[in-house]
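J.: heads up, no residue letters with this:
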């Protein structure tokens, strides 16, 4: 679960790192990706694991469309306009899903990994959770390689550090902004297909994960890719062990208490820049 949280947070931290903009609708991108995977399964019988490339493309296109149709027009406006634009998008997408599909809970009942449990050295391993963790780590690794070991990634980093200086060097910062939204949407799209294997799907599902994503980003450091990975794992461990040894009702309060403490003691997070 920690690796899934990290993948969701990765998309959020890339957008913030490049544009200094918080996407409050990030959870709704996840929710729509989960519905996308569910309908491919329900209508066409395609296993959710096979829909990962589809939801990645879907999330990427959703991110690009959001940038060009909404964010680009408020980017140079007041900060409040930028914040309220993505918050308004959150409400729009959530209510659109509610209108189209209703408030009913939906689940994927059958699949390659659904409800499969493996026994290994006395441990019960949920195949869906293991598959989600491994695939999340793979997606995280590919994103890390793209950002840190390609020419496009170098341009993206340059835009995040100094957009004006990057423009003087001939970098199309507008295209880099769109790329950041595409990568962010693709990451959350992959996470949506993985979560569809074992998590319920409703129009409000995104709120659960976007709050955890904000906590992950804050703990790791806004704009830090490595920080998102380590923070996601830390939060996954705290949530699971807290729910196991203290009580399931305390697993979220423990995580949010950690978020509050980090904001007070180290506002830039564990790996954030000064």
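T.: Arrived safely, thanks for sending. Computed from a prediction, not measured in an experiment: that's the story for all the values here.
J.: ranges for the helices of the stretch 51-200 of the chain?
T.: Secondary structure of the stretch 51-200 of the chain, counting by DSSP state H, counting those that start in this stretch: helices at 52-66, 72-74, 79-101, 127-148, 151-161, 163-168, 173-195.
J.: surely residue 46 meets residue 36?
T.: No: with contact defined as Cβ atoms under 8 Å, residue 46 does not count as touching residue 36 (10.9 Å). Every C-beta, even on glycine, is put in place using the N, C-alpha and C of the backbone.
J.: who's more crowded, the two?
T.: Between residue 46 and residue 36, counting by other Cβ atoms under 10 Å, residue 36 is the more crowded of the two (22 against 15).
J.: Name all residues that make contact with the more buried one.
T.: The contact partners of residue 36, taken as Cβ atoms under 8 Å, 6 or more residues apart in numbering, are 51, 54, 55, 58, 189, 192, 193.
J.: Look at it and report its pLDDT.
T.: On pLDDT, residue 36 comes in at 95.
J.: For the stretch 101-250 of the chain, give me the ranges with low pLDDT.
T.: Judged against pLDDT under 70, the stretch 101-250 of the chain has no low-scoring part.
J.: Pull the number of nearby residues for the residue nearest to residue 200 when sequence neighbours are not counted.
T.: Nearest in space to residue 200, with sequence neighbours left out and distances taken as Cβ to Cβ, 6 or more residues apart in numbering, is residue 105 at 4.8 Å. By other Cβ under 10 Å, the residues close to residue 105 number 8.
J.: which phi and psi does residue 105 have?
T.: With angles defined as degrees, to the nearest 10, residue 105 sits at phi -80, psi 140.
J.: That one and residue 202 touch, don't they?
T.: Yes: if you go by Cβ under 8 Å, residue 105 and residue 202 touch, sitting 5.5 Å apart.
J.: Determine which stretch of the helices of the stretch 51-200 of the chain is the most buried.
T.: Ranked by mean neighbour count under mean count of other Cβ atoms under 10 Å, these are led by helix 173-195, which reaches a mean of 27.
J.: Which other helices and strands does it contact?
T.: Judged by 3 or more Cβ pairs under 8 Å, 6 or more residues apart in numbering; DSSP states H and E, the packing partners of helix 173-195 are helix 2-19, helix 26-44, helix 52-66, helix 127-148, helix 151-161, helix 163-168.
J.: Any idea which of the ones you listed gets closest to residue 197?
T.: Residue 197 lies closest, by Cβ to Cβ, to one member of the helices and strands packed on helix 173-195: helix 127-148, at 4.1 Å.
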